[in-house]
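Q: Sharing a sequence plus its predicted fold:
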Amino acid sequence: MSWILNDEVLAVIAALIIVAGVFAGVQVFNAGRVVEPFSELGLLGPSGKIADYPKVVEAGQPFRLNVYLGNHEGRTMYYKVLVKLGDKNSTVNATTPLATTPILELRTVLPHNASQIIPLDIALENAGINLRLVFEMWTYNETEGAFTYHGRWNQLWLNVTEPSATNPTSNETRKRFLDPTLEEPLIKGYLAIRRAENNGGNITDMITLLNEAIAQAEEGNIDKTQSIIQQITSMEPEISRQGAEAAQFRLFMSIGGLATVTLIGAGSYIYLKQRFWTQLAKLYRNWKIKWKGKSIKGKSKTSKAEEAVKRLIKSNDPIQVEELVFSGKSGFKPNETARAVFRLLRDGVIELYDPEPPISFKKYITSIHGLGFLTATALVILCLFTVYFSWISPIISILRMALGSLFVLFLPGYSLVEALYPRTEELEPLERLALSIGLSLALVPLVGLALNYSPWGIRLNPVIAGLSLLTLGLLTLSAYRKYRILRKR
């Protein structure tokens, strides 16, 4: 309760809410935009890991590698990976591709934020020492109407031995180059996908079909490839129309969501301004108020309502909250009287105590004493709901940003501070707020570090589970320590 009675804390919280609201609004309207687009090209070993790369291979015998591609360009990309063979004198860098004829190529189409691992069996024909197997990423450039070097490349150094007499040259692999007549139809299919994507359409099925067409083209099935491309182009008008309608609907829903949240916030503020102190007094209606004396904070000015409350408390020491606030004896409205009571409590003039404290920990956490525990637990549960059900409504997406910020930047540290300093007088409210934010910034990376060395890794579900268990565990510990202090009193 000390948090809501401290003007400095309320000012800081109000500032944070304003900043978070502006940030959430910007994120909603910038959804889908990529600030720093990039693509990924990686080379993995035979088992699909960054390990066990072959160093020596036999000429004519295939060996397995895996090519990793990742798209973070903010749009669907048509990738071509050229495999080239050079030596220690060859030149390749981010601006200059290797000046030699490719021995192999891979193609795939990936939507934004998608990745793919493509297994590749390679057989090198001629023996050699210190050969340089280079993998270059090329992308289709819509402006130039051709594939251009994307500046991403990887390499593997190999020694290729002469074929042995017992291992004849294998025919299991072949040069995977497309029939030149299929190049234009595949590009036509890709451009149809890009037009539908620009109109906001759901292009998942179109991408699947285009990758199927690429696979058929690599197998030399010309008729099947062209049939799939025709299917893709015929899908474009309807998907584009649906996308435009969906984009307009999402815009209206986003604006409506922000307006709804704003109205709810304004309405809640007006309601709480008029009713908040009365509702808070109802929670403590059976508690009693005891006079302590001169303000420990040295406050000199008091309102008329506070003076009236002082006189009533002095003449009826102790007095029940319900009698003081709702009987009308103070001569002021209940909300004004309740506000005066809690201001005097904040200034240390009076003491509020429970004449019948809970006798068990279970009753403690379900009573007004456990209000902080219940509130923080409810915030954790609400955050989990918004994370996994944000697809239901744009309003939930906005709430996800706000509650997610609390979940990561406040609640872990708050639960630790409450567990370390369970007594109200041990820290000022503003100190608790500052420590809660600072310790959260320290705890969250530690959770990530622990998960990094666990079987689960740093993924959404393990991170959420780890932070939830940590926060709820510390909240339970803090509630139990506060219960023990109350029992001793």
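A: Nice, I can see it. Note that the structure is predicted; figures quoted are calculated from it, not measured.
Q: Please list all residues in contact with residue 374.
A: 365-366 (C-beta atoms under 8 Å, 6 or more residues apart in numbering). Every C-beta, even on glycine, is put in place using the N, C-alpha and C of the backbone.
Q: Mind telling me what element residue 322 is part of?
A: Taking DSSP states H and E as the criterion, residue 322 maps to helix 321-326.
Q: Residue 328 now?
A: Using DSSP H and E, no helix or strand contains residue 328.
Q: before we move on, the earlier item: can you name the next helix or strand after the helix holding residue 322?
A: Next along from helix 321-326, by DSSP H and E: helix 334-346.
Q: which other helices and strands contact that following helix?
A: Counting contacts by 3 or more C-beta pairs under 8 Å, 6 or more residues apart in numbering; DSSP states H and E, helix 334-346 packs against helix 222-283, helix 304-315, helix 321-326, strand 350-353.
Q: If you count neighbours, what's buried in the shortest one?
A: Using 16 or more other C-beta atoms under 10 Å as the burial criterion, the residues of strand 350-353 that qualify are 350, 352.
Q: pLDDT weak spots in the protein?
A: For the chain, the stretches flagged by pLDDT under 70 are 1-10, 14, 17, 20-21, 24-33, 165-176, 294-301, 394.
Q: Pull the residues that contact the longest strand belonging to it.
A: With secondary structure taken from DSSP state E, the chain has its longest strand at strand 146-161. With C-beta under 8 Å, 6+ apart as the test, strand 146-161 has contacts from 39-43, 53-59, 65, 80, 92-95, 97-98, 124, 126-141.
Q: Kindly supply the PyMOL command isolating those of those that are buried.
A: Remark: buried members of those, expressed as a PyMOL selection using 16+ other C-beta under 10 Å:
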select buried, resi 39+41+43+57+58+59+65+80+92+97+98+124+131+132+133+134+135+136+137+138+139+140
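Q: Out of the contacts of strand 146-161, list just those in strands.
A: Those of these lying in strands (DSSP E): 39-43, 56-58, 65, 80, 128-141.
Q: quick one on the thing from earlier: quick one: closest of the helices and strands packed on helix 334-346 to residue 454.
A: helix 222-283 (36.7 Å; C-beta to C-beta).
Q: what angle do the strand or helix carrying residue 109 and strand 38-44 make?
A: Counting by DSSP H and E, the element that carries residue 109 is strand 104-110. Going by axes from the mean of the first three to the mean of the last three C-alpha atoms, to 10 degrees, strand 104-110 is angled at 130 degrees with respect to strand 38-44.
Q: counting contacts, what elements does the helix or strand harbouring residue 484 pack onto?
A: If you go by DSSP H and E, residue 484 is part of helix 460-488. Helix 460-488 sits against helix 361-365, helix 371-388, helix 394-409, helix 411-420, helix 429-452, with contacts defined as 3+ C-beta pairs under 8 Å, 6+ apart.
Q: Touching, residue 353 and residue 292? I think so.
A: No. Using C-beta atoms under 8 Å, residue 353 is not in contact with residue 292; the gap is 11.1 Å.
Q: So residue 358 versus residue 178, what's the distance?
A: Distance, residue 358 to residue 178, by C-beta to C-beta, to the nearest Å: 76 Å.
Q: again, but for residue 402
A: Taking C-beta to C-beta, one finds residue 402 at 50 Å from residue 178.
Q: Skip the chain neighbours and tell me the closest residue to residue 118.
A: Once flanking residues are discounted, residue 118 sits nearest to residue 67: 4.8 Å by C-beta to C-beta, 6 or more residues apart in numbering.
Q: how much space between residue 154 and residue 233?
A: Residue 154 sits at a distance of 34 Å from residue 233 (criterion: C-beta to C-beta).
Q: What of residue 270?
A: Separation of residue 270 from residue 233 (C-beta to C-beta): 56 Å.
Q: now do residue 214
A: Relative to residue 233, residue 214 is positioned 15 Å away (C-beta to C-beta).
Q: For the two, work out which one has more neighbours and name it.
A: Shown here are residue 214 and residue 233; by other C-beta atoms under 10 Å, residue 214 has more neighbours (23 against 17).
Q: Confirm that the more buried one sits in a helix.
A: Yes. Looking at residue 214 with DSSP: H, G, I helix; E, B strand; the rest coil, it is inside a helix.
Q: mind listing what residue 94 touches?
A: Residue 94 touches 151-153, counting by C-beta under 8 Å, 6+ apart.
Q: In PyMOL, select just the buried ones from these.
A: Buried subset of those, written as a PyMOL selection, criterion 16+ other C-beta under 10 Å:
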select buried, resi 151+152+153
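Q: ok, residue 213 - how many residues close by?
A: Neighbours of residue 213 under the rule other C-beta under 10 Å: 26.
Q: separation between the spatially closest residue to it that is not a sequence neighbour and residue 245?
A: Nearest in space to residue 213, with sequence neighbours left out and distances taken as C-beta to C-beta, 6+ apart, is residue 228 at 4.0 Å. In this view, residue 228 and residue 245 are 26 Å apart by C-beta to C-beta.
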